[in-house]
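# curious how this folds, go ahead:
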Amino acid sequence: PLAFAISAALLMNSHAAMAQQNEPESDEPEAGYERITVTASRRPQTVEEIPYNISVITGDALEGRQIIDAVDMMRELPGITVVDRGYRNSGVINNIVIRGMNVDSAGNGDFALNAVPTVSTYVNDTPIFANFILKDIEAVEVLRGPQGTLYGSGSLAGTVRYRMNRPVLFENSATLSTRVSQTEGSSGFNKNFDLVANAAVSETMALRAAIGRIDNDGIVDYSTLYQLNAEGAPVAEGGDIAEGGPVFTRRKDADTVAITYGRVSYLIEPSDTFNALLTYQFQRDEIGGRRQVTEGTNWVGGTKQPYGSYENGAVQLEPSERDVDLLSLEVEADLGFATLTSSTSYYDHSGESVSDNTGFYAQNNWFAWVYGGSPRPLATAVRSYEDSAFTQEVRLVSNGDNQIDWVVGAFYMDQERAASQDSFMPGFSEWAEASGFDETLASWGGVLGDQDFLYRDNRSVEDMSVFGELTYHLSDRLRLSAGGRYFTNDISNDTLIELPIYPGPDS
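Next comes the predicted model:
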């Protein structure tokens, strides 16, 4: 029966192939198939035509699978590895790995790295890594391999480009979507909504707006939290500041997610040969805690207790927040022999998080060796990052079906980046004075205070480059491409590290 089925299938396929050969050729896609057009090579082509290793996922596919997160999206594409740090750390570091290349260690996440990522990310024609919520998307294109001859922001491993939906002329429409769900491990509900509207302002102008809100309940319980007083210091058991242990409490479903996002685009298209698109996009994240569980057991209350399936053993909450603002102007003019494109943009991306470093200090025995052995050990790290840049990119792309295609461009970026960390031991000074450790600290050359570490890193980058690529079509099936890039980078960096409790020379 199996052999008969295979033979029948082959016979039917051969008849279908013969029928197709006898039919006149047509540029129209076959019924039931969608022809996906990509612009990653800076000219409209289908995936089959483009001479690069590229993956594409359409906005309709994302919508159909209810994917709104970049990590979930990239899991749908082959050859890409992405470290899922959750919404709490989604904008801190570029977590995309292509061809096994990335400067980021998978262990990082709470602090920003002073390094250029090997995978560049674009929102339309603006180079920015911000992990925007994926809503009202036309398509996401992923190019593998170096793309420095096509994109102003050079990339060693590849490029991820998010193409947002543009305003549509002669269309007035609005779509409101709402979704309510519940996640395993949570006692509350997830409530999401988004609104997309398109308005025809005139025959040559259109406006498009998308706004949404994500309110997700947490799933992780912080089961061993310290009770804190009004100053943020651990409450002493029995009121004994010198000898009293901590008083514990817990917070259920602490890792809440509250995200507000939106985009407004204004299109001017007076003719078939010219158009200009002005876009403002923003996102505001407020995350209640870390989506991470602790394995093993703890000794809260003097007895050994196992952690539950959705429990975190940190002794303090670890919230985070971030703000992203992006303003861009994209202008396109058809000059006949080539298309001239200009992209001007400015963005500001900043964030802050609180991390529990108590376990890290305890693992290295610092509380006992360096800080006198407080019965209520607590180490807090407040980390922040800022990234703002002005970029200008100009490209000229040849038009028509020529034997030789070419792309030339110039890129300029003026970027300011900063990262900081302030580490505190809340209540340390009060305990040291009550226990007498303040005198011991002074004899060691220490200075009484609650802050034990300070880090500041400020970086300025000015990047200028010219790039180009030429493709020679030897035949319909064979082509030869060559490209080049020349760039200059001017980088300045100022780093400060201090140990306020045990001061020494500034570095």
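
# quickly list what the nearest residue to Tyr162 once chain neighbours are set aside is bridged to.
For Tyr162, ignoring the flanking residues on the chain, the nearest one in space by Cβ to Cβ, 6 or more residues apart in numbering is Val123 at 5.0 Å. For every residue, glycine as well, the C-beta is placed using N, CA and C. Under DSSP bridges, the beta-bridge partners of Val123 are Thr126, Tyr162.

# which stretch of helix or strand covers Ile259?
Using DSSP states H and E, Ile259 sits within strand 257-271.

# partners of that strand in the sheet?
According to DSSP bridges, strand 257-271 forms sheet pairs with strand 205-216 (antiparallel), strand 274-287 (antiparallel).

# the nearest residue to Glu184 once chain neighbours are set aside in helix, strand or coil?
The shortest distance from Glu184 to any non-neighbouring residue, by Cβ to Cβ, 6+ apart, is to Ile219 (7.2 Å). Three-state assignment for Ile219 (DSSP: H, G, I helix; E, B strand; the rest coil): coil.

# tell me the confidence at Ile219?
For Ile219, the pLDDT comes out at 95.

# contact partners for the residue nearest to Thr279 when sequence neighbours are not counted?
In space, and not counting its chain neighbours, Thr279 is closest to Ser265: 4.5 Å by Cβ to Cβ, 6+ apart. Taking Cβ atoms under 8 Å, 6 or more residues apart in numbering, we find Ser265 in contact with Met164, Arg166, Pro167, Leu207, Arg208, Ala209, Leu277, Leu278, Thr279.

# beta partners for Ser265?
When bridges are called by DSSP bridges, Ser265 pairs up with Arg208, Thr279.

# I figured the residue nearest to Tyr162 hits Met164, correct?
Yes: assessed by Cβ atoms under 8 Å, Val123 is found in contact with Met164 at 6.9 Å.

# from what I can see Asp255 touches Gly289, true?
Yes: counting by Cβ under 8 Å, Asp255 does reach Gly289; the two are 4.1 Å apart.

# now the common contact residues for the two.
In contact with both Asp255 and Gly289: Arg88, Gly218, Val220, using Cβ under 8 Å, 6+ apart.

# among these, the buried ones, what's the PyMOL command?
PyMOL command restricting the shared contacts of Asp255 and Gly289 to the buried ones, with burial defined by 16 or more other Cβ atoms under 10 Å:
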select buried, resi 88+218+220
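
# closest one to Gly232 out of the shared contacts of Asp255 and Gly289, please.
Arg88 (20.2 Å; Cβ to Cβ).

# where's that closest one relative to Val370, distance?
Distance, Arg88 to Val370, using Cβ to Cβ, to the nearest Å: 29 Å.

# same check, this time on Gly288
32 Å.

# of these two, who's got more company?
Gly288 (22 against 16; other Cβ atoms under 10 Å).

# model confidence for that one, exactly?
Per-residue pLDDT puts Gly288 at 96.

# not counting sequence-adjacent ones, nearest residue to it?
Thr256 (3.7 Å).

# Val408 too?
Gly468 (4.1 Å).

# mind listing what the one you found touches?
Taking Cβ under 8 Å, 6+ apart, we find Gly468 in contact with Thr149, Trp406, Val407, Val408, Gly409, Gly483, Gly484, Arg485.

# what's the PyMOL line that selects buried ones from those?
In PyMOL syntax, the buried subset of these is picked out as below (16+ other Cβ under 10 Å):
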select buried, resi 149+407+408+409+483+485
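
# identify the farthest-apart pair in the contacts of Gly468.
Distances among those were taken as Cβ to Cβ; the most separated pair is Trp406 and Arg485, at 14.3 Å.

# first-to-last residue distance for stretch 187-206?
From its first residue to its last, stretch 187-206 covers 44 Å (Cα to Cα, to the nearest Å).

# with stretch 178-185 instead?
Stretch 178-185 stretches 22 Å from its first residue to its last (Cα to Cα).

# now the nearest residue to Ile67 once chain neighbours are set aside: how far from Lys135?
Leaving aside its chain neighbours, Ile67 sits nearest to Met73 (5.2 Å; criterion: Cβ to Cβ, 6+ apart). Remark: distance between Met73 and Lys135 (Cβ to Cβ) = 12 Å.

# what's the answer for Asp125, then?
Taking Cβ to Cβ, one finds Asp125 at 19 Å from Lys135.

# just to revisit the earlier point, the residue nearest to Glu184: neighbour count?
Neighbours of Ile219 (other Cβ under 10 Å): 21.

# how about the contacts made by Arg165?
If you look again at residue 165, you'll see it is Asn, not Arg. Gly59, Asp136, Ile137, Glu138, Arg208, Ala210.

# show me what the closest residue to Thr260 other than its chain neighbours is bridged to.
Residue nearest to Thr260 in three dimensions, not counting chain neighbours: Arg284, with 4.7 Å by Cβ to Cβ, 6+ apart. Under DSSP bridges, the beta-bridge partners of Arg284 are Thr260, Asp323.

# pull the contacting residues for Arg284.
Arg284 makes contact with Ile259, Thr260, Tyr261, Glu321, Arg322, Asp323, Val324 under the criterion Cβ under 8 Å, 6+ apart.

# close enough to count as contact, the last one and Gln283?
Yes: look at Val324 against Gln283 with Cβ under 8 Å: they come within range, at 4.6 Å.

# and the helices in the stretch 51-200 of the chain, which stretches?
Counting by DSSP state H, counting those that start in this stretch, the stretch 51-200 of the chain has helices at residues 59-64, 70-74.

# ok so, going back, need the pLDDT of the residue nearest to Thr260.
97.

# before we move on, what about Glu295?
What the model reports as pLDDT for Glu295 is 90.

# what about the residue lying closest to it once chain neighbours are set aside, neighbour count?
Counting by Cβ to Cβ, 6+ apart, the nearest residue to Glu295 once its immediate chain neighbours are dropped is Tyr307, at 6.5 Å. The tally of other residues near Tyr307 (other Cβ under 10 Å) stands at 17.
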